[in-house]
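Q: sequence and predicted structure, then a few things I'm wondering about:
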Amino acid sequence: MREKMLEEEGGENGAVAVDPRLKAISESIRVVPHFPKPGIMFNDITTLLLHPGVFKDAVDIFVDRYRHMTISAVAGIEARGFIFGPAIALAIGAKFIPLRKPKKLPGEVISEKYVLEYGTDCLEMHVGAVQPEERVIVIDDLVATGGTLCAAIRLLERAGAEVVECACLIGLPKFKPLTKADYAGH
């Protein structure tokens, strides 16, 4: 969303308008150098949460996009996807599905392992959380390489869901936007 531009039908010239809420959202996200380890530039959304109007604007941008797309479920990736996901789900009349790290959910789960640039990880969700052909969006705070989002897509699709889109508040600028074809390769 940080670099997101909302395209408007501008006739032949293809005018592009920037959503005015994006400036305040971008300015409210603190960048912490060398956290949690040297060389990492951590995008801290907790500072955004201290500004209720800006937090609401961030949620509203997602809600505006998904309100009329017949979304059945919002899947939030642990942990910061849990901040935005439930608010979006409530506003669009969808259920919320938490995608958690291993051994955090009681009961029977379905798992998806994935490779990160620094190791491996796993996402889990409850069996039966999503029904075949339900339309789902995946929410997280940040996309870097897309590995976690790809794992979320695979997990949901294995359960029969139709993943409509993935949405993140922050997209790291050094990575190009991913398409559905990119996700298929992970």
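A: Okay, I see it. Numbering: from 1, shown residues only.

Q: C-alpha only now, for contacts and for neighbours.
A: Will do.

Q: Val32 contacts Thr47, doesn't it?
A: No - counting by C-alpha atoms under 8 Å, Val32 stays clear of Thr47, with 11.2 Å between them.

Q: who has more neighbours, those two?
A: Thr47 (15 against 12; other C-alpha atoms under 10 Å).

Q: spit out the contact partners of that one.
A: Ser28, Ile29, Arg30 (C-alpha atoms under 8 Å, 6 or more residues apart in numbering).

Q: cool, and Ala89?
A: Ala73, Val74, Lys95, Phe96.

Q: could you measure from it over to Leu48?
A: Ala89 sits 20 Å away from Leu48 when distances are taken as C-alpha to C-alpha, to the nearest Å.

Q: swap in His68?
A: 26 Å.

Q: between those two, who's got more neighbours?
A: Leu48 (20 against 9).

Q: which SS class is that one?
A: Here Leu48 is helix, with the state taken from DSSP: H, G, I helix; E, B strand; the rest coil.

Q: which element is Ala91 on?
A: Counting by DSSP states H and E, the element that carries Ala91 is helix 81-92.

Q: what does whichever helix or strand comes after that helix contact?
A: Going down the chain from helix 81-92, the next helix or strand is strand 95-99, by DSSP H and E. By C-alpha under 8 Å, 6+ apart, the residues outside strand 95-99 that reach it are 72-78, 82, 85-86, 89, 123-125, 129-130, 152.
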